[in-house]
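**Q** This is the structure alone, sequence omitted:
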């Protein structure tokens, strides 16, 4: 696939490992020597260490209230409003670019940058309020969220080297060694599982959908959160299941597509890609979602992309609503806070340790594994305005909130073979600094009804299918 063909497909597929001298092939991390040697990470980090005092620059980012998640009516569905929300994200990204690029040159004052982005946000919020017919009080509440702040992290040795939009090299990715932990030094923290009642549904149902390694399906869209908006995610997503998912997809179009799942499951499953912080450029280096959004490094092919539906310890489960969407985690949790930060990181063989705000460094022979446990209760609706409130998590006793019923719980487990001691990171919005707490995943249920019924029967009968 040449560059022209790729752009005609609107970044439908990103070739993994298309850096200098790598060729067009799927890349597993063990193919690179990106190990910590002499206290630095590969060539890029060693060269950066020679910059001396820049290694201890204060780490700054832009923090702005998330309009979309704060709207009382949820995310609006009309295309004009979606475009305004996308513009708000872009304004924050641009402000972060200005803030971070100023660290290596003539610094612009934080107050000046904040004033500029606040004025742009006020204009866009006004247009958004008009597009959605917001009442005066709601419009006033929206306008109150225009102002942003600059947040600071203590100085530390940043990992990796990123390039700004002008091609100027700047030190670091926003990540430091504090964002990583040797998992062998962490006390198990998962606790005991809720015991099953006599009515529990103890079976499982697995869809085998591959690892997105051959002819990979990767794009910077998020059709669940931002339908109709190309590259709205500001980072790349890895997909398995439905082969056609992009910003234009609908449940109807997904039903007509093919799938990577061996059982005919047409659902779409996706999460941000993970990259080695090795300084290499993929073929998205000059595209949105890639280098233009400061997502750089070798995109890793998962070892496994596990998809399992589980039961409920309190009772039987009901079929998922046809076309139901579900999300877990928060792509903006670093600035939004941890309320919806539910994705976790671990290492194979150490699953009793689940981390949310640290990347694990695994011992030899152990793979990094990300786990996404989706909501397991539904109010019977396929979607809601904010894409969350039609689903819920059961309580500690396994019971669903009032008005909700148990459904099969999707658990996605995505693992990677990474050289011992090498640094890596999840793709993110630029201002979220690739922090592990921003990890997230999305799902659209397009299982044929007969397959969904088989899944429910397996789970409720205690059978592993």
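**A** Great, that's in hand. As the structure is a prediction and not an experimental result, all values here were calculated from the model.
**Q** so where's the stretch 51-200 of the chain shaky on pLDDT?
**A** 51-58, 70-77, 102-108, 155-173, 191-192 (pLDDT under 70).
**Q** Sketch out the strands for it, chain order is fine.
**A** 59-63, 149-153, 161-163, 169-171, 180-182 (DSSP state E, counting those that start in this stretch).
**Q** for the stretch 251-400 of the chain, same thing?
**A** So, for the stretch 251-400 of the chain - with DSSP E, counting those that start in this stretch - the strands run 268-272, 274-276, 298-299, 304-310, 325-329, 344-347, 359-361, 368-373, 377-378, 391-392.
**Q** between the ones you listed, which gets nearest to residue 152?
**A** Across the strands of the stretch 251-400 of the chain, residue 152 has its closest neighbour in strand 359-361 (21.2 Å, C-beta to C-beta). C-betas here are computed from N, CA, C, even on glycine.
**Q** If I look at residue 441, what pLDDT would I see?
**A** pLDDT for residue 441: 96.
**Q** what angle sits between the helix or strand that it is a member of and strand 325-329?
**A** Assigned by DSSP states H and E, residue 441 falls within strand 440-444. Relative orientation of strand 440-444 and strand 325-329, computed by axes from the mean of the first three to the mean of the last three C-alpha atoms, to 10 degrees: 170 degrees.
**Q** Can you spell out which helices and strands pack onto strand 440-444?
**A** Contacts defined by 3 or more C-beta pairs under 8 Å, 6 or more residues apart in numbering; DSSP states H and E place strand 440-444 against strand 268-272, strand 325-329, strand 409-416.
**Q** Skip ahead from it and say which helix or strand is next.
**A** helix 449-461.
**Q** And that following helix, what's buried?
**A** For helix 449-461, burial by neighbour count (16 or more other C-beta atoms under 10 Å) applies to 451, 452, 455, 456, 458, 459, 460.
**Q** if I look at the fourth one, how far off is residue 272?
**A** Counting by C-beta to C-beta, to the nearest Å, the gap between residue 456 and residue 272 amounts to 30 Å.
**Q** can you give me the helices in the stretch 201-350 of the chain?
**A** All helices of the stretch 201-350 of the chain, identified by DSSP state H, counting those that start in this stretch, fall at 251-255, 333-336.
**Q** Now tell me what touches the first one from outside.
**A** Helix 251-255 is contacted from outside by 242, 244, 245, 266, 267, 268, 322, 323, 382, 444, 446, using C-beta atoms under 8 Å, 6 or more residues apart in numbering.
**Q** How about the fourth one, nearest residue that isn't a chain neighbour?
**A** Beyond its immediate neighbours in the sequence, the residue positioned closest to residue 266 (C-beta to C-beta, 6 or more residues apart in numbering) is residue 446, lying 4.1 Å away.
**Q** Now do stretch 291-304: distance from first to last residue.
**A** Start-to-end span of stretch 291-304 (C-alpha to C-alpha, to the nearest Å) is 26 Å.
**Q** Quick check: mean pLDDT of it?
**A** Across stretch 291-304, the average pLDDT comes to 92.
**Q** Could you export the buried residues of helix 449-461 as TSV, including pLDDT and distance to residue 199?
**A** Shown next, in TSV, are the buried residues of helix 449-461 (pLDDT from 0 to 100; distance: C-beta to C-beta, whole Å):
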residue	pLDDT	distance to residue 199
451	97	24
452	96	21
455	95	18
456	95	15
458	96	16
459	96	13
460	95	10
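**Q** Of all pairs in these, which one spans the longest distance?
**A** Pairwise distances across the buried residues of helix 449-461 peak at 15.1 Å for 451 and 460 (criterion: C-beta to C-beta).
**Q** returning to that earlier point: show me which of the contacts of helix 251-255 are buried.
**A** 242, 244, 245, 266, 267, 268, 323, 382, 444, 446.
**Q** now, which of those sits nearest residue 193?
**A** residue 267 (26.2 Å).
**Q** roughly how far out does stretch 346-361 sit from the chain middle?
**A** How far stretch 346-361 lies from its chain's middle: 17 Å, per C-alpha atoms, centre = their mean, to the nearest Å.
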